[in-house]
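Visitor: missing the sequence, but the structure's below:
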């Protein structure tokens, strides 16, 4: 791959491509050439040998970050990094930004049937406690909160909208890294121009997620029934009924990705939540820079040792300590990199 991330030309036709390194698949504008995988940065995207039928996109959450906000976010992300690589600069990260939309599923469903449950109700018990003081024995009132469990049952006819399901196997990891967006800002997909952005393809489909959605809806129904019953604690809940009119909507949400290059040409991806601005990525330290600083300190320490030795002063031990301390930059860089490598790769 060349150093330039993407060669772009105007095109309205998208191509189906995949990354041979991480196996993720994308829809890429047809005029884009030599594009590296925007998520792993380890290989150039290849044209997919087969074009599978994808679910149509119905909703889109547009990004809300402007250029100035991105500058601030990247500067804050870089702040405090140990021995950063020369390429790890805000201007380099910004010029390589790529807008990516990744998919989630939203489900509307009606629950119609009966339920029974055991809910817990708080109640207070008043007792007294005797206490010895300067004035002798005194009685203090003590109020304790206890829970009484009672059975409840009833009928349920409820509609739930936009129950979120993962469209990617890495959905949970991505949420832990970047967080979610506000789905209230979603628009019709046709109302937003995505001609200059990459769309990640889904890896999970509705037929694989139906049981999970039903479980989520039962949990929502349990909370509604508990609230309607005036209870404070759920003990058990069972729904006996049907899940009707289940409708699946594919929604895509925004993120930005960029990268920096280390001394050996290895790329490290960085991602930004397109709405909240949460930034995630590994900030690797340059051991070459740490070795340089360590070498300079070693040279100074050795010169100091020689000067003090031949001058026969009593401070020779201090220069020996300085010799040991010269390795602190290298130790710090190594420790820093070990910690950064423990971060999970970009989901």
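Guide: Perfect, I can see it now. Given the structure is predicted, the values throughout are model-derived calculations rather than measurements.
Visitor: Give me the next element, helix or strand, following the strand or helix carrying residue 159.
Guide: In the assignment (DSSP states H and E), residue 159 maps to strand 136-166. Using DSSP H and E, the helix or strand that follows strand 136-166 towards the C-terminus is helix 171-178.
Visitor: what pLDDT, on average, does that following helix get?
Guide: Average pLDDT, helix 171-178: 96.
Visitor: Strand 136-166 and that helix, what's the angle between them?
Guide: Angle, helix 171-178 to strand 136-166, by axes from the mean of the first three to the mean of the last three Cα atoms, to 10 degrees: 120 degrees.
Visitor: Now tell me what touches helix 171-178 from outside.
Guide: Residues outside helix 171-178 that contact it (Cβ atoms under 8 Å, 6 or more residues apart in numbering) are 102, 104, 166, 168, 204, 255, 271-273, 276, 278, 280, 344, 346-347. Every C-beta, even on glycine, is put in place using the N, C-alpha and C of the backbone.
Visitor: Can you flag the buried ones in those?
Guide: The neighbour count (16 or more other Cβ atoms under 10 Å) marks 102, 104, 166, 168, 204, 255, 271-273, 278, 280, 346-347 as buried among the contacts of helix 171-178.
Visitor: which regions of this structure lie under the pLDDT threshold?
Guide: 1-12, 51, 132-136, 191, 305-321 (pLDDT under 70).
Visitor: Check the buried ones among the contacts of helix 171-178 and tell me the two furthest apart.
Guide: 204 and 272 (23.9 Å; Cβ to Cβ).
Visitor: Mind listing residues that contact stretch 59-68?
Guide: 73, 94, 99, 101, 106, 181-183, 185-189, 191-192, 194, 249-254, 256, 272, 274-275, 277.
Visitor: which one is residue 273 nearest to, not counting chain neighbours?
Guide: Of all residues not flanking residue 273 in the chain, residue 178 sits nearest, at 4.3 Å (Cβ to Cβ, 6 or more residues apart in numbering).
Visitor: From residue 102, how far out is the one you found?
Guide: Counting by Cβ to Cβ, to the nearest Å, the gap from residue 178 to residue 102 is 10 Å.
Visitor: which neighbours do the two share?
Guide: Common neighbours of residue 178 and residue 102 (Cβ under 8 Å, 6+ apart) are residue 255.
Visitor: My guess is residue 38 contacts residue 100. True?
Guide: Yes - with contact defined as Cβ atoms under 8 Å, residue 38 reaches residue 100; the gap is 5.6 Å.
Visitor: Looking at those two, which has the bigger crowd around it?
Guide: More crowded of residue 38 and residue 100, by other Cβ atoms under 10 Å: residue 38, with 28 against 20.
Visitor: What is the three-state secondary structure of that one?
Guide: coil (DSSP: H, G, I helix; E, B strand; the rest coil).
Visitor: Can you give me every residue that contacts it?
Guide: 26, 98, 100, 198, 257, 269.
Visitor: Among those residues, which lie within strands?
Guide: Among those, DSSP state E puts 26, 98, 100, 198, 257, 269 in strands.
Visitor: thinking again about what came up before, mind listing what's buried in the strand holding residue 159?
Guide: Buried, per 16+ other Cβ under 10 Å, within strand 136-166: 152, 156, 158, 160, 163-166.
Visitor: circling back to that earlier point, strands - which of the contacts of helix 171-178 land there?
Guide: 102, 104, 166, 255, 271-273, 280.
Visitor: can you give me the helices in the stretch 1-150 of the chain?
Guide: 67-78, 90-95 (DSSP state H, counting those that start in this stretch).
Visitor: what's the offset of the longest one from the middle of its chain?
Guide: When distances are taken as Cα atoms, centre = their mean, to the nearest Å, helix 67-78 is centred 17 Å away from the chain's centroid.
Visitor: cool, and stretch 188-200?
Guide: 22 Å.
Visitor: what's in contact with it?
Guide: With Cβ under 8 Å, 6+ apart, stretch 188-200 has contacts from 8, 10-12, 14, 24-29, 35, 38-39, 57-60, 62, 98-103, 168, 252.
Visitor: which SS state does residue 332 fall under?
Guide: helix.
Visitor: close enough to count as contact, it and residue 290?
Guide: Yes - the pair formed by residue 332 and residue 290 meets the contact definition of Cβ under 8 Å, at 7.1 Å.
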